[in-house]
Structures are given as C-alpha cells and as structure tokens.
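>>> predicted model and sequence below, questions to follow.
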Amino acid sequence: MNLEKQSINNKNLMKLEDSLPFLRPTEEEMEHRSIIEKANELMSFGKESEAIKLATFFKQPKNKIFTEKEQEDFFNARAQIVEQLGYIVTINRGKFFSLEKDGYKIQMKHFIIPSGYGYKGGRIGEIEIKKGEISSLWDHRWDNVPKDKGIIKILNELVNVIN
C-alpha cells in the first residue's frame with residue numbers, strides 16, 4: 001500500500017464513538033474523567049494531598065448498562081476498526097483484546113466504558129506491546145516507558161481509534 005493511500009485511509013478511519021453512538025460520554029462522565037485526569041497529574045508531580053482533596057469533591061457518574069447486543073457490537077466494532085489499520089486480531093473476548101502487527105504482539109484489557117484510571121482516561125486499562133526482547137507495559141503507569149519507534153507508533157494508532 002502506498003503512503004498516500006494509507007494516510008487517506010487513516011483520515012477516514014472511524015473511532016469507536018463514531019461507529020457506536022451509544023458509547024459517547026455524557027456531560028457527567030466528561031466532568032468525572034477531567035477531575036480524575038487532573039488528580040492523576042497532581043499525583044505525578046508529588047502533590048498527593050491536593051489530588052486527594054480534588055478527588056473527594058467529584059460526583060461519581062451513573063454506570064451505563066449496555067445490552068448484550070450493544071456489547072457484541074462494541075467487540076465487533078473494535079476488531080473491524082483495528083483490522084482496517086492492518087492489525088490481526090488474535091483474541092477478542094470481553095475485556096481481553098490481543099493483536100499482532102509487523103511482528104509486534106499487543107495484549108490489552110480494553111473496556112467498553114472509559115475510565116479516569118485508563119490510559120489517558122480512556123478504555124485501555126492495561127496494555128503491553130512487545131517484539132522479541134523489546135517490551136513496554138502500561139498498567140496505570142509505565143513499567144517500561146516505550147522508546148522503540150514501532151511501539152510508539154502502535155500505541156498512538158490504537159489510542160487514536162479505540163481508547
């Protein structure tokens with residue numbers, strides 16, 4: 001595939017919320033996510049007391065209840081979206097989502113509901129990307145910060161469309 005065609009495909013690629021409108025966050029969920037992200041940022045700067053103070057004043061949004069059909073649609077949509085980017089889906093069961101591309105193996109816990117505790121406040125609760133001895137794991141923080149250009153590219157692609 002030539003680069004021009006690939007970039008056009010990426011521009012037209014849908015994100016999960018685009019293909020499944022029932023996933024779009026409510027205003028209450030957006031506010032909650034913003035507060036959690038701010039608290040996490042304060043924690044990363046060693047300002048624990050400020051983070052705790054901020055987190056105690058937010059209202060937990062109501063949990064959405066999804067039908068079996070909506071859950072099935074979510075699992076199918078995430079697989080279709082990443083397949084358009086050239087990923088091979090090896091596991092697509094519930095929160096467990098595993099992929100392969102260009103020799104990289106990607107394993108993640110991927111949830112239907114985004115969380116302030118997810119990667120960048122999104123649906124990816126945990127992700128490991130590896131190729132041979134090169135590996136990066138994020139589980140609420142980086143255990144091994146990605147330095148490999150291939151890992152960074154994959155992470156950015158996936159976050160852009162399914163997080």
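In hand now; what should we look at? Predicted model, so just to flag it, every value in this text is computed and none were measured. Numbers count the residues shown, from 1 in each chain.

>>> now do the helices in this protein.
3-12, 16-19, 27-44, 48-55, 68-84, 149-162 (DSSP state H).

>>> where among those helices is the average confidence lowest?
Mean pLDDT across the helices of the chain is lowest at helix 3-12; the value there is a mean of 40.

>>> tell me the centre residue of the chain?
Centroid-nearest residue in the chain, with CA atoms, centre = their mean: N163, separated by 2.8 Å.

>>> ok, and the closest non-adjacent residue to that residue?
G122 (3.4 Å; CB to CB, 6 or more residues apart in numbering). Where you see a C-beta, it was placed from the backbone N, CA and C, and this is true even at glycine.

>>> can you check T90 too?
S98 (4.6 Å).

>>> circling back to that earlier point, which residues touch the residue nearest to N163?
For G122, the contacting residues are 114-115, 159, 163, by CB atoms under 8 Å, 6 or more residues apart in numbering.

>>> and the closest residue to H110 other than its chain neighbours, bridged to which residues?
Nearest non-adjacent residue to H110, counting by CB to CB, 6+ apart: F97, 4.2 Å away. Note on F97: beta-bridge partners N92, M108, judged by DSSP bridges.

>>> for the contacts of G122, pick the one with the most neighbours.
P114 (23 neighbours; other CB atoms under 10 Å).

>>> count the neighbours of V82 for me.
V82 has 22 nearby residues by other CB under 10 Å.

>>> mind listing what it touches?
89, 99, 158, 161-162.

>>> same question for E70.
20, 22.

>>> picking up where we left off before, right, and the residue nearest to T90 touches K109 too?
No: counting by CB atoms under 8 Å, S98 stays clear of K109, with 10.4 Å between them.

>>> follow-up on the earlier one: need phi/psi at the residue nearest to N163.
Main-chain torsions, G122, degrees, to the nearest 10: phi -110, psi -150.

>>> neighbours of F96, just the number please.
11.

>>> now do I151
Using other CB under 10 Å: I151 sits among 21 other residues.

>>> please apply the same query to K153.
15.

>>> cool, K95 as well?
13.

>>> isn't it right up against K109?
Yes: counting by CB under 8 Å, K95 does reach K109; the two are 4.8 Å apart.

>>> could I get the buried residue list for stretch 147-163?
Neighbour-count burial for stretch 147-163 flags 148, 151, 154-155, 157-158, 161-163 (criterion: 16 or more other CB atoms under 10 Å).
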